[in-house]
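A.B. asks: pasting the sequence and the predicted coordinates here, then a few questions.
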Amino acid sequence: MSDDLLSLVQSRAGTDPVRFGLILGSGLGHLAQAVDGVAIPYADLPGFPHAAVSGHNPNLVIGTLEGVRVAVFGAREHYYERGNPAAMRPALTLLKALGAEALIATNAAGSLRADIRPGDLMLLGDHINFSGLNPLIGEPTDARFVPMTAAHDPDLRAGLRAAAEAEGIALPEGTYAWYSGPSFETPAEIRAIRILGGDAVGMSTVPEVILARFLGLKVAAISTITNMAAGMSDENISHEHTKAMAPLGAAKLERILRRFLANHD
Ligand code: HPA
């Protein structure tokens with residue numbers, strides 16, 4: 001990331017340090033509008049992701065939400081868009097340079113668990129990199145050997161669980177498996193992921209978790225479940241369906257995130 005990018009963002013949004021970064025997944029974009037601050041289109045930000053997937057809102061919004069200074073990334077670039085697993089590196093490097101201590105990533109996912117249904121949320125307790133890709137391949141320094149043992153930060157997870165409980169919203173914890181996409185999984189792949197220990201499956205977030213840990217940001221992530229995974233129900237799986245279903249979980253997710261931030265005021 002260039003110093004120019006940091007200067008450009010600070011010239012528009014001010015130099016007060018940001019505390020949390022939020023990445024908004026499919027259908028969750030409206031949280032960005034709740035932030036009292038400045039919206040900067042990704043197109044103005046050199047190195048920022050392409051993020052052209054429908055259902056995403058490609059702005060960086062910096063301002064306060066529940067009294068806490070946040071940077072909200074209204075869209076992400078997925079690996080499947082251009083084949084770059086490190087596409088979010090400039091954005092997350094900027095987040096670190098803005099002073100953030102932690103990243104909270106959100107995504108839409110399919111559930112492999114009968115007790116976690118469309119419209120429910122799942123907190124990521126851990127993940128499986130089912131893609132075999134890694135955003136740190138090619139990183140020349142020893143910093144590339146990032147420990148991933150407690151990648152999903154126990155304190156942040158406890159804070160998110162407490163916020164969910166205070167709001168009366170179920171927030172089961174599970175393991176998220178990253179599938180490259182953009183095609184959805186086959187039923188046989190879903191059975192394999194289940195045997196491996198996956199509870200939900202999606203096409204994002206894992207490279208961001210790896211990058212955040214590499215950059216020294218704490219990280220936690222929440223999935224909104226938009227469908228049962230392939231072969232688990234008769235419903236159609238499609239991107240249209242994902243976009244239509246994401247708002248069901250989004251309202252609950254917004255209450256949890258607001259309560260979580262208010263607790264950090
Ligand atoms: N698989 C992968 N990604 C997804 C799914 C799914 O079933 N649902 C929403 N995103």
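C.D. replies: Right, received. Where do you want to start?
A.B. asks: give me every residue in the stretch 1-150 of the chain lying close to the ligand.
C.D. replies: 108, 109, 110 (CB under 6 Å from any ligand atom). All C-beta spots, glycine's among them, are computed from the backbone N, C-alpha and C.
A.B. asks: go with 5 Å
C.D. replies: 108, 110 (CB under 5 Å from any ligand atom).
A.B. asks: in the stretch 1-150 of the chain, which spans are strands?
C.D. replies: 20-23, 36-41, 59-65, 68-73, 102-111, 121-128 (DSSP state E, counting those that start in this stretch).
A.B. asks: so which of those strands gets nearest residue 150?
C.D. replies: Closest to residue 150 of these, according to CB to CB: strand 121-128, at 9.0 Å.
A.B. asks: so how far is that closest one from its chain's centroid?
C.D. replies: In terms of CA atoms, centre = their mean, to the nearest Å, the centre of strand 121-128 is set 11 Å apart from its chain centre.
A.B. asks: contact partners of that strand?
C.D. replies: 109, 111, 116, 151-152, 157, 160-161, 164, 169-178, 193, 196-200, 205-206, 209, 220-225, 249, 252-253, 256 (CB atoms under 8 Å, 6 or more residues apart in numbering).
A.B. asks: residue ranges with poor pLDDT in this protein?
C.D. replies: Applying pLDDT under 70 to the chain picks out residues 1, 51-56.
A.B. asks: from it, which residue is nearest to the ligand?
C.D. replies: residue 110 (2.3 Å; CB to the nearest ligand atom).
A.B. asks: I'd guessed that residue sits against residue 224; true?
C.D. replies: No: applying CB atoms under 8 Å, one finds residue 110 not in contact with residue 224, separated by 10.8 Å.
A.B. asks: strands of the stretch 151-265 of the chain, residue ranges please.
C.D. replies: Going by DSSP E, counting those that start in this stretch, the stretch 151-265 of the chain shows strands at 173-178, 200-202, 218-228.
A.B. asks: I'd like to know how many residues surround the residue of the chain closest to the ligand.
C.D. replies: 27 (other CB atoms under 10 Å).
A.B. asks: contacts only, for the residue nearest to it when sequence neighbours are not counted.
C.D. replies: Leaving aside its chain neighbours, residue 110 sits nearest to residue 229 (3.9 Å; criterion: CB to CB, 6 or more residues apart in numbering). Residues in contact with residue 229 (CB under 8 Å, 6+ apart) are 110, 111, 112, 185, 190, 193, 200, 201, 237.
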